[in-house]
Every structure is written in C-alpha cells, then in structure tokens.
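In: fold the following for me, if possible:
(one chain, ligands or ions: 1)
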Amino acid sequence: MSKQSLSPEQKAIVDQWLQSGEPMLVEASAGSGKTRVLTESVRQIIEGSPKSRSKILCLTFTNKAATEMQERLKDLSKVIKDRVFIGTTHAFALDIIKSRRHELGMDEMPTIIDKESDKKEIVSEVILSNPFLSRHYLNPTSEKITKHKTAAQYQADLLNKCISFISSKKQKLVSLDSDADSPPGRNWTPGKISLYKDYNDLLRNQNLIDYDDIILLAWKILNERPAVANLYSRIYEYVLVDEAQDLSFAQYEFIKALCGDKIRKVMMVGDANQAIHGYAGASSKFMTEVFVEDFNLKESQKVKIQYNYRSSDAVIELANELAGIHQNTVKSYYKGKVEFQVFDDEAAEANWIVKKVNDLIGREEEAYDGKLTLDKIAILGRNRFVFSTLIEKLKEDLALKDKFFLKKGTGILDPQSTTMKIFDLGIRVLSNQKAYLYFNQLIDVLDIPKEIEPTLSKDIQDLKRVLSESNLDYLPQEVFDCLIECWQSIDKDINKFPNVLDRVLKASQVVEEDYERDLIFNDVEEWKEAWGDYVRSVAANAKSVSDFRRFLAMGVTKTQSEHGLTLATVHTVKGLEFHVVFLIGMGQGTFPDYRAIRKGAIEEERNNAYVAVTRAKRELYVSYPMAKSVPWGVQRQPKSEFFRNKEFHQPIQVQPE
Ligand SMILES: Nc1ncnc2c1ncn2[C@@H]1O[C@H](COP(=O)(O)OP(=O)(O)OP(=O)(O)O)[C@@H](O)[C@H]1O
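Out: All right, here's what the predicted structure looks like:
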C-alpha cells in the first residue's frame, strides 16, 4: 500500500505531533483512522529525514495488528527494515532480553513456555516438592473436598489458583530474586512466598521463562540498568503505540521505563470503547489517565478525531448509542442499513442468513464499492459455539458449501498427530537441554518404561535411543528412523527445515492409520507456513533451532485459506472491516456472555459488541434465536440487554431450497 491521504483533522494531528516533538494522546472511535494517523506519521518521519539514523518504535497489541501496520507501509519496506520496529510489545521486550540477557546473569537465551499445561506441570512439581504446600495439596480437609466436590477437583482448582497468583504478581512486576527481596503489598503468606520463589527457581534451572516474564525481565533490565535504558532512548527517537486501550500495567511501565525522561516524541492512539482484554490485566486508564499524568500532557496534547471514515450513518448511529457516545456525528456519505431479526431457533436463524447471503451476493452498488462478493461479508458471533448450526446449513447450501471459513486467531503451533508431537518435543529438547520438562513429555508420548528413564540423557545420540525404547506400536520403524535423521539434520543446519518437513511427509505414507496420516499432513502444512514467516522475520545469519522455537512461542497465524465468506468471533476481527456484517446469537446470556459477572465484565462485553458493530461499513443485520441448544437440552433466551430498546422482527420462516 502506498501513501494514504489524510483528512484535514488527521493531518493537523500528525503536524502538531511532529512539529511540537511532545507526547500526544489520540483518542477516537472505531473507523476514525487512528491506525492511518499512526502509519502516516511514520511515513512522514522517514520521508522528512531520509538520512537520519534515529529509529522509530511502533508497538501494538497483536501480531495481526502489527502485520496490518507493516502492510500499510509496505512501499517503504526497505527503509522500515533498518529504521522501524513494528511489532507487539512482547516481541520488542524479547528483543531486549536477547541482546541484554547477560545483565540478568543469563548465559543462554531461555525457552518460552508456550502451553498452559506445561505451566501446570511445573507448578505441580513446585507444590509437591515443598513440604508445606504439598501437605495442603495432598491432604485437603473434608470441608475443602465438600466445597470443591472431589479431592481431584480441589487439586485442579488449587493449581489454577497458584498459576493465577504467580501471573498476577508478575504482571505487577514483582520479582523476588534475592532473599533480601521482601514482597511488596500485603497478603504474602510464607506459602505464597515459597510458591513464587520456587516456581521462578525451577524455571531458571531449566532455562525457561513464561510469557509474563518477557515484559517483567525486559522492564527489569531497563529499570535496574540506567545505562542500558539510556542507550535505547538514544536509539529510538519516536515511540508510537497503537490500540493503547489494551495496555496492561506491566506493558505500560515497560514503555515508560524505555522512554525515561529522554523520549518525548510519544504518540498513544486508542479507543476506550474497544478495550476487550481486561481479563488479561489490560485497562484503558493507562492511556487515558496514567500516561497523561506521567508525561504531563496538556489539554492541547489530547486530541480526538470526530469523523468516521469506515461506516454508514445507520451503523455509526447504532455504535454511538451502544457506547454512549453523544458527539454530533458528522454525516457520512452513505445512509446504510441496520436491521434486527428474531427467530424461533438457531436453525431458523441460520436458514435466513444463508438465504440472505445468497440474495446479496453479486449485487452491484456504489456502497459496495462495486460488486458485493463473499469476502466483503462477515458473520460475527461472541463465541465459536454460535456458529455450529450455521456451519451445518452452509455446508448444505449448493452455492456456499465450500466458500466460507471460520477465522482462526493467532495461536501456538500445537501438533495434533503423534508423529509431529514427537518431532516437536525432540526439537524442544535439542533447543534447550536443561529443560527436563520436555524430555519427560517425550518419554511419556513414546510410552517408555519408567525404569529406563534415568539411564537416558538429552543429546541427539540419546534421542536415538529414546525412540528405540518406544512402546508405541502404531508408528512404524521407518517413521522413527526418519525423525532421527530429521533431528540430526536440523541440529547441524536449521536451513534444512523445509526439506525435513518433506521427509516427514514422505515417511508418513507408511503409517497405516488414515487418521494419523491426515493429521500429519495438516501439521506439516502449519509448520511450513510458520517456517516461511520465520524466515521472513529474521536475519539470514541469526537463525537457530532455539530462536525458531521462540518465534513459534510468540504465536503464529494458523494456516487456512481465507477466501470467501468470513465467520469469526469478535476477538479475531479487531481492526478489520466488511461491507456487510451479520451479528448473530445476540441473546442475553450469549452476548453478553452469562459468565460476565466480575467488576467491569459487562462493560467489556459491551465493548465487544461495539467492536462487532463497528466492523460494518454499510449494512448490519443483528439477530438471535429465542431457543438455543445447550448440552443439557434447549434453553430459551431473551434479546441481548445491549439492544433492549430495539424492536426485533420475526421474518417469514425460510426453508432451505
Ligand atoms: N482520511 C481518510 N480518507 C479516506 N478513508 C480513510 C481516511 N482515514 C481512514 N480511512 C479509512 O477508514 C477505515 C478505518 O481506518 P483505520 O483502520 O485507520 O481506523 P481505526 O480508527 O484504526 O479503526 P479501528 O479503531 O476500528 O481499528 C479504513 O478503511 C481506512 O482506509
């Protein structure tokens, strides 16, 4: 994408920021062009000082948002590579750890724990090895068992509680590294102190870190080593933060430590009504209050954009009503359409949508920017379950059956076939031989007798022996031989990775179970895609097995063909837009979710609904079924409280053709 025009109000913001050299907060609603303001600011900095060596830091919340920014600045990609970091706050923090880890006494770069189940394994090891904690864990009182229904449920709940406790403390940037460290705040019982310290010690001994550590450790480096912080603030002259409403305390403090009192050219861009990550500790107050106070922003440095460049009048009106925005909306060029429908059940809702989509496609209007094609239409819901019946109906429709997809978010690569699980664990062992967590998992997957375990070590030769001791009988020897060759090959030269994947695929032909063969095929496709992304993101001479594993842990976009009609949950469409949006399953209990009971949860649900509504450029169809199926039968539901005062119409029931 090349240079994008800015409206006078957007241009005034960019000019003010660049000319003043002072921090700025741009708060504006969905579709007002916030991201455009940010990317065009980057463009102007580069074009205004082509020879300068000062760098620009562009931080955002998700990999997808970072890719969107890179896409918008694609024409400058050569310069961007040298001068601009565009990525998530976690990715930037990890870069700091990579180059400055010795400040923390780390000789080797750690592996990132990317699965919740791995964390659980470590926490349960911590509990069991601590006499005080294990006593409570293994011998719950009868009241505790009654409260949690069974002893096993009590243990599972306790494990989750411990994990949340550790994570909440890390998100508050608490580190208890030395014995002298006394925990800040109250409620630190001796048990909690041991849990926190022992967990961190166990990670350190295995050269592991968790996601919370990424920000915590990078913040520690900047906070405890002023010389390093100074260095970064000399390198980066500009800091721009998109989706700033999603910052957490730790992320905000990390950015603040980076800026210190040197970097003043900071721009935070966000929309408090789109804050939907509160469950992960995010809050828009870091942008609207804390940033304003810490950086001494005057009123003139807090700006808004009034116009909405994305949506029609009808959509904007509903969005404003939903979010309680009372601004005088400037009329957009398109009147647009919003309709509300109610149906007897999910099947009736799905039949109607399938028919409506068929009626709409192919229409040619200015509002659709030409012909309305399937990729300009999205069907959105609060969770994946609302799509079950619709997917069945779409599969039965001749015109749409293979022209839709359920959008996946970013996630970690989690192989589903046993073969690729073994392959993955072998890579994990090779990339971090201190992490017995992965070695033990390999032993488990391969069903190796426990008595052999102590005789095994973790280098490539022993991985060979590990496979030879396997009791898995449904994988033929050829597959094991191939895995050994693959590990050896990657261990010598990581660039062989794509050839290795082809070899696994070839060897999988001898696997008898169709199911395993299909899973291997899908897994290999995902790994190939991830390898391609890795190669594009890393310098040619910086590739290594452990670096690749860290890249995977930071999240990859799962392979899928994204052509045709989009079905998606709200969290996966942030920042995206479609000419026509169907917002389905808008019943009370589904959207808002019935579990939204914690403080602020309903407001966050409302923000989710706001994000969904504002994805629509021209037309929006909101619907819900009066009866929905749940695992224990059929449940009746009223309309969502978010559209309480809207009249929902019951269209004539359509039968599939
Ligand atoms: N000055 C402009 N002229 C024409 N179109 C614009 C202008 N600014 C933004 N747009 C368009 O409006 C739409 C929304 O822009 P953008 O994604 O930057 O908004 P946003 O405020 O970041 O939205 P969201 O908060 O929903 O992520 C995009 O299609 C963009 O190309």
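
In: quick check: next helix or strand after the longest helix along the chain?
Out: As assigned by DSSP state H, the longest helix anywhere in the chain is helix 514-537. Going down the chain from helix 514-537, the next helix or strand is helix 545-553, by DSSP states H and E.

In: run through the neighbouring helices and strands of that next one.
Out: Helix 545-553 sits against strand 111-112, helix 418-431, helix 514-537, with contacts defined as 3 or more C-beta pairs under 8 Å, 6 or more residues apart in numbering; DSSP states H and E. For glycine as for every other residue, the C-beta is placed from the backbone atoms N, C-alpha and C.

In: show me the shaky parts of the chain.
Out: The chain contains residues with pLDDT under 70 at 1-3, 178-186, 327-332, 409-410, 453-460, 556-562, 599, 653-657.

In: next, count neighbours for the closest residue to L360 other than its chain neighbours.
Out: Once flanking residues are discounted, L360 sits nearest to L372: 5.7 Å by C-beta to C-beta, 6 or more residues apart in numbering. By other C-beta atoms under 10 Å, 21 other residues sit near L372.

In: and L372, how far is that from S142?
Out: 64 Å (C-beta to C-beta, to the nearest Å).

In: the helix or strand where K197 lies: what's the following helix or strand?
Out: Under the criterion of DSSP H and E, K197 resides in helix 190-205. Next in sequence after helix 190-205, counting helices and strands by DSSP H and E, comes strand 208-209.

In: residues making contact with that following strand?
Out: I97, P110, T111, I112, I113, I122, L203, L217, N432, A435, L437 (C-beta atoms under 8 Å, 6 or more residues apart in numbering).

In: who does it pair up with?
Out: strand 111-112 (parallel) (DSSP bridges).

In: dump the helix or strand following the partner strand to PDB, restricted to CA.
Out: With elements assigned by DSSP H and E, the helix or strand that comes after strand 111-112 is helix 116-129. Output of helix 116-129 as PDB, limited to C-alpha atoms (Å, rounded to 0.1, in the frame of the first residue of the first chain):
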ATOM      1  CA  GLU A 116      -0.700 -23.600  29.900                       C
ATOM      2  CA  SER A 117      -0.400 -27.400  30.500                       C
ATOM      3  CA  ASP A 118       3.400 -27.000  30.800                       C
ATOM      4  CA  LYS A 119       3.000 -24.300  33.300                       C
ATOM      5  CA  LYS A 120       0.700 -26.600  35.300                       C
ATOM      6  CA  GLU A 121       3.200 -29.300  35.200                       C
ATOM      7  CA  ILE A 122       5.900 -27.000  36.700                       C
ATOM      8  CA  VAL A 123       3.600 -25.600  39.400                       C
ATOM      9  CA  SER A 124       2.500 -29.000  40.500                       C
ATOM     10  CA  GLU A 125       6.200 -30.000  40.700                       C
ATOM     11  CA  VAL A 126       6.800 -27.000  42.900                       C
ATOM     12  CA  ILE A 127       3.900 -27.800  45.100                       C
ATOM     13  CA  LEU A 128       4.900 -31.500  45.500                       C
ATOM     14  CA  SER A 129       8.500 -30.700  46.300                       C
END
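
In: centre of the chain versus helix 116-129, how much separation?
Out: Centroid displacement of helix 116-129 relative to its chain, using C-alpha atoms, centre = their mean, to the nearest Å, is 24 Å.

In: please apply the same query to stretch 254-261.
Out: That offset, for stretch 254-261, works out to 24 Å (C-alpha atoms, centre = their mean).

In: again with stretch 572-583
Out: Distance, centroid of stretch 572-583 to centroid of chain: 18 Å (C-alpha atoms, centre = their mean).

In: would you mind writing the CA trace of that stretch as CSV?
Out: Extracted in CSV, the C-alpha atoms of stretch 572-583 (Å, rounded to 0.1, in the frame of the first residue of the first chain):
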residue,chain,number,x,y,z
THR,A,572,-10.4,-12.2,15.8
VAL,A,573,-11.8,-9.3,13.8
LYS,A,574,-10.4,-6.3,15.7
GLY,A,575,-9.2,-3.7,13.2
LEU,A,576,-10.9,-5.4,10.2
GLU,A,577,-13.9,-4.2,8.2
PHE,A,578,-16.6,-5.6,5.9
HIS,A,579,-19.2,-4.1,3.7
VAL,A,580,-22.0,-6.3,5.2
VAL,A,581,-21.9,-7.7,8.7
PHE,A,582,-24.3,-10.2,10.3
LEU,A,583,-24.1,-10.2,14.1
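
In: any buried residues in it, and which?
Out: Judged by neighbour count using 16 or more other C-beta atoms under 10 Å, the buried positions of stretch 572-583 are T572, V573, K574, G575, E577, F578, H579, V580, V581, F582, L583.

In: pretty sure the residue nearest to L360 contacts N358?
Out: No: contact criterion C-beta atoms under 8 Å: L372 and N358 do not qualify, at 11.5 Å.

In: what's the helix or strand for T566?
Out: Using DSSP H and E, T566 sits in strand 565-569.

In: and that strand, C-alpha only, in PDB?
Out: Provided in PDB are the C-alpha atoms of strand 565-569 (Å, rounded to 0.1, in the frame of the first residue of the first chain):
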ATOM      1  CA  LEU A 565     -17.400 -15.700   3.500                       C
ATOM      2  CA  THR A 566     -15.900 -14.900   6.900                       C
ATOM      3  CA  LEU A 567     -17.300 -16.500  10.100                       C
ATOM      4  CA  ALA A 568     -15.500 -15.000  13.100                       C
ATOM      5  CA  THR A 569     -15.600 -14.300  16.800                       C
END
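
In: angle of whichever helix or strand comes after it against strand 565-569?
Out: Following strand 565-569 in sequence order, the next helix or strand is strand 578-583 (DSSP H and E). With axes from the mean of the first three to the mean of the last three C-alpha atoms, to 10 degrees defining the directions, strand 578-583 sits at 50 degrees from strand 565-569.

In: pull the distance from the longest helix of the chain to the chain's centre.
Out: For helix 514-537, the distance to the chain centre is 20 Å (C-alpha atoms, centre = their mean).

In: for the ligand, find the nearest of the helices and strands packed on helix 545-553.
Out: Ranking these by proximity to the ligand (C-beta to the nearest ligand atom) places helix 514-537 first, at 22.8 Å.

In: who touches that closest one?
Out: Helix 514-537 is contacted by residues 413, 415-420, 474-475, 497-498, 501, 504-505, 508-509, 511, 543, 548, 551-552, 556-559 when judged by C-beta under 8 Å, 6+ apart.

In: swap in stretch 188-203?
Out: The contact list for stretch 188-203, computed with C-beta under 8 Å, 6+ apart, reads 110, 113, 122-123, 125-127, 129-130, 132-133, 136, 162, 165-166, 169, 174-177, 183, 209-210, 213.

In: my guess is L567 contacts I391, does it?
Out: Yes: if you go by C-beta under 8 Å, L567 and I391 touch, sitting 7.2 Å apart.

In: need the residues touching each of the two.
Out: Counting by C-beta under 8 Å, 6+ apart, the residues touching both L567 and I391 are F404, L406.

In: run the contact check for the lengthiest strand in the chain versus the ligand.
Out: Scanning the chain for the longest strand, with DSSP state E as the assignment, gives strand 616-630. No: using C-beta under 6 Å from any ligand atom, strand 616-630 stays clear of the ligand, coming no nearer than 7.7 Å.
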